[in-house]
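Asks: model the structure of this input:
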Amino acid sequence: MTACRSALLAAAVAAGLGAACATPASPKPAVAAVPPVSPTIVVSAAPAPLPLVPERHTPDAPFRQQAPGAGTEPTFSAPHWKRFKLKNGLDVFLVEFHDLPLIDFNLMVKTGGAANPADKAGLADLTARMLDEGTKTRGAIEIADQVAALGATLSTGGTWDASNVSLSTLSRNLDPALEIFSDVVQHPAFDDKEFARVRDNLLTAITRRKDSPPTVAGLALSHLLYGAKHPYSWPMSGTEASIKKLTPADLRAFYDAYYHPNNAALIVAGDTTEAALRGRLEAAFKGWRSRHVAARRLPVPVSAAPETKIFLIDKAGAPQSSIRVGLIGIDRQSPDYFPVTVMNLILGGGFYRLDLNLREGKGWTYGARSSFDSRKTPGPFSAGGEFVAPHSADSVAEILKELNNIRDGDVTDAELARAKDQIIKSFPSRFATRASLAGQLAELAVFNFPDSYLGDYTRKVAAVSKDDVRRVARKYLDPSHLTIVVVGDRKSIEGPLAKLAPVEIRDLDGDPVTAGAADNRPANGQSHPQP
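Replies: Residues are numbered from 1 along each chain as shown. You can find the predicted model right below:
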């Protein structure tokens, strides 16, 4: 096909050339010149002016010239709850919510980490962890599967003052869920195999603590404040050495000593009534018997710093320092609790004095805070945060300055009003969910507060005066007995710190550094003997 087309094309070309040779070319007719065509430009017509809109006058125009005045201050009342006691002595707090078909249970045993013997740190916490790891009739996996099949959640935990077991379930699954819950509470197996698994997981978590300077600083502060024989001296979850020594028999002994209905309270919040619940609870816990629970007296704290001292824990090359300035504070039942709460907020709340100075003013930290951890016996006070390494000593000095300022001078009217408003107006949020409400009732139970306590809470906050703030600041913030912990690069920060107070080197556990393990001479050449 291609060959044929080529032949035809060649023949046509040849014929054309032949015709051109035989006939002379005719002259082309003249073509008139065509002027060049300019591009057409389209000019839009000017838009017609918009009609004038007459100015409008509304009847409330003068009203809008000024902000509206404040309305009547809303009042808040805590939800109503009922309180009754089972035949075995178990106190029950019930608050009804019928908006959703859910029920939350929270059993509070009124003994926690504060009951740990000095050589068994972590005992209370590990006992609580093991409650849902198997009973006499259910294995750990069986418990997990049955709870999941009900669409429920079951958890255990604890604080320094209490141990707890919590359940959340659909109201239609109340009976089977309550049966599992009561079994876990009354019949923990403390199985050897499950104990080994839970213990090993806990030990793994414990070994990671030393990688976090803020964690190291917080734990070291407690250790230095209370001394080795006090339970608050050690982490509530224990240490590597103490956890390795614990056995299932230790857990069983702790359970038998403290897990009794007369040493517990059950908080129930959700879609049920006393009439529907009481009989079920009597049946579920009928085998749980009351028994005498011995009161535990805690030893007297023995501080490592009878006078203000800095304990430096080396974290070579750290770009920032974790700083904690501490004292032993107050207990939760203290009559000074409300003035201290207001005072602490002004000192170390978000965007109050410490924050405004060290974050907003100096730019040395993302945030500086203070807190009072109030327990059945006085817990620690701590002020500090994480600061850029070059200003470690400067940051300590500024924290000390703020402590002295709130001790020696009055807070302003604006500071006091803002702090009290923040506490009072955020108080209703503590009752926003079933779990948060249960937490408030658990506090009543654990600390034996009267039922009127929650109703009186905001009134007591509102009654705090500037004199109260100054009084408690002077009472509890003693600048001559401060324990200061700094975790940071020793080489660069020890010298400046030594100009503020004596410096002692400690290891990552807060213990004295053994001879030869570190050079105990400060970088500025001064020396401070260890106790």
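Asks: which residues of the stretch 401-531 of the chain score low on pLDDT?
Replies: Along the stretch 401-531 of the chain, segments meeting pLDDT under 70 span 515-531.
Asks: which stretches of it form helices?
Replies: For the stretch 401-531 of the chain, helices defined by DSSP state H, counting those that start in this stretch occupy the ranges 413-426, 434-447, 453-462, 466-476, 490-498.
Asks: and the fourth one, what's buried?
Replies: Read that as helix 466-476. For helix 466-476, the neighbour count (16 or more other CB atoms under 10 Å) marks Asp468, Val469, Arg470, Val472, Ala473, Tyr476 as buried. Glycine gets a C-beta too; all of them are placed from N, C-alpha and C.
Asks: any chance of these in JSON lines, plus distance to Glu73?
Replies: Formatted as JSON lines, the buried residues of helix 466-476 follow (distance: CB to CB, whole Å):
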{"residue": "Asp468", "distance to Glu73": "22"}
{"residue": "Val469", "distance to Glu73": "22"}
{"residue": "Arg470", "distance to Glu73": "27"}
{"residue": "Val472", "distance to Glu73": "26"}
{"residue": "Ala473", "distance to Glu73": "28"}
{"residue": "Tyr476", "distance to Glu73": "31"}
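Asks: closest to Ile180 among those?
Replies: Relative to Ile180, the closest of the buried residues of helix 466-476 is Tyr476; by CB to CB it sits at 45.2 Å.
Asks: do you know how far Ala140 is from Gln333?
Replies: 38 Å (CB to CB, to the nearest Å).
Asks: looking at the two, which is more packed in?
Replies: Taking other CB atoms under 10 Å, Ala140 and Gln333 do not tie; Ala140 has more neighbours (18 against 13).
Asks: who's in contact with that one?
Replies: Asp132, Glu133, Gly134, Asp191, Glu194 (CB atoms under 8 Å, 6 or more residues apart in numbering).
Asks: follow-up on the earlier one: among the helices of the stretch 401-531 of the chain, which is nearest Asp145?
Replies: Comparing the helices of the stretch 401-531 of the chain by CB to CB, helix 434-447 comes nearest, at 23.9 Å.
Asks: give the buried residues for that closest one.
Replies: Under 16+ other CB under 10 Å, the buried positions of helix 434-447 are Arg434, Leu437, Ala438, Gly439, Gln440, Leu441, Ala442, Glu443, Leu444, Ala445, Val446, Phe447.
Asks: which residues touch that helix?
Replies: Residues outside helix 434-447 that contact it (CB under 8 Å, 6+ apart) are 78-79, 81, 91, 93, 95, 97, 102, 104, 106, 108, 110, 161-162, 164, 168, 265, 267, 269-270, 332-333, 376, 429-431, 449-451, 453-454.
Asks: and it, C-alpha only, in PDB?
Replies: The C-alpha trace of helix 434-447 is given here as PDB (Å, rounded to 0.1, in the frame of the first residue of the first chain):
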ATOM      1  CA  ARG A 434     -20.900  10.800  86.800                       C
ATOM      2  CA  ALA A 435     -17.200  10.100  87.300                       C
ATOM      3  CA  SER A 436     -16.300  13.600  88.500                       C
ATOM      4  CA  LEU A 437     -19.300  13.600  90.900                       C
ATOM      5  CA  ALA A 438     -18.200  10.200  92.200                       C
ATOM      6  CA  GLY A 439     -14.800  11.800  92.900                       C
ATOM      7  CA  GLN A 440     -16.300  14.500  95.000                       C
ATOM      8  CA  LEU A 441     -18.300  12.000  97.000                       C
ATOM      9  CA  ALA A 442     -15.300   9.800  97.400                       C
ATOM     10  CA  GLU A 443     -13.500  12.700  99.000                       C
ATOM     11  CA  LEU A 444     -16.300  13.000 101.500                       C
ATOM     12  CA  ALA A 445     -16.000   9.300 102.300                       C
ATOM     13  CA  VAL A 446     -12.200   9.000 102.500                       C
ATOM     14  CA  PHE A 447     -11.700  12.100 104.700                       C
END
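Asks: tell me the angle that helix makes with helix 453-462.
Replies: Inter-element angle recorded for helix 434-447 and helix 453-462: 90 degrees (by axes from the mean of the first three to the mean of the last three CA atoms, to 10 degrees).
Asks: what lines up beside the helix or strand in which Ile310 is found in the sheet?
Replies: Taking DSSP states H and E as the criterion, Ile310 maps to strand 309-314. Strand pairing for strand 309-314, using DSSP bridges, gives strand 483-488 (parallel), strand 503-506 (parallel).
Asks: closest to Tyr352 out of those?
Replies: Tyr352 lies closest to strand 483-488 among the strands paired with strand 309-314, at 20.9 Å (CB to CB).
Asks: run through who's touching that closest one.
Replies: The contact list for strand 483-488 (CB under 8 Å, 6+ apart) reads 213-214, 216-217, 220-221, 224-225, 303-305, 308-315, 318, 320-327, 389, 392, 396, 493, 497, 501, 510.
Asks: may I see the ChimeraX selection of the buried members of these?
Replies: Buried subset of those, written as a ChimeraX selection, criterion 16+ other CB under 10 Å:
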select :213,216,217,220,221,224,225,303,304,305,308,309,310,311,312,313,314,315,318,320,321,322,323,324,325,326,327,389,392,396,493,497,501,510
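Asks: where strands are concerned, which of the contacts of strand 483-488 count?
Replies: If you go by DSSP state E, these have 309-314, 320-327 in strands.
Asks: nearest to Ala253, of the buried residues of helix 434-447?
Replies: Nearest to Ala253 among these, with distances taken as CB to CB, is Val446, at 22.3 Å.
Asks: just to revisit the earlier point, now render the helices of the stretch 401-531 of the chain as a markdown table, adding distance to Gly287.
Replies: What follows is those, written out as a markdown table (distance: least, CB to CB, whole Å):
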| stretch | distance to Gly287 |
| --- | --- |
| helix 413-426 | 42 |
| helix 434-447 | 22 |
| helix 453-462 | 33 |
| helix 466-476 | 46 |
| helix 490-498 | 58 |
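Asks: ok, which of the ones you listed comes nearest Gly279?
Replies: Closest of the helices of the stretch 401-531 of the chain to Gly279 is helix 434-447, at 21.6 Å (criterion: CB to CB).
Asks: I figured Phe381 was touching Arg324, is that so?
Replies: No - assessed by CB atoms under 8 Å, Phe381 is found out of contact with Arg324, at 10.1 Å.
Asks: quick check: neighbours shared by these two?
Replies: With CB under 8 Å, 6+ apart applied, the contact sets of Phe381 and Arg324 do not overlap.
Asks: who touches Asp161 in this structure?
Replies: Lys110, Thr111, Gly112, Ala114, Arg332, Arg375, Lys376, Val446, Phe447.
Asks: not including adjacent chain positions, what is the nearest residue to the second one?
Replies: Read that as Thr111. Leaving aside its sequence neighbours, Thr111 sits nearest to Tyr258 (CB to CB, 6 or more residues apart in numbering; 4.0 Å).
Asks: go on, the fifth one?
Replies: With sequence-adjacent residues excluded and distances taken as CB to CB, 6+ apart, Arg332 is closest to Ser374, at 4.2 Å.
Asks: buried residues in the helix or strand harbouring Thr169?
Replies: Using DSSP H and E, Thr169 sits in strand 163-170. Burial within strand 163-170, assessed by neighbour count using 16+ other CB under 10 Å, is assigned to Ser163, Asn164, Val165, Ser166, Leu167, Ser168, Thr169, Leu170.
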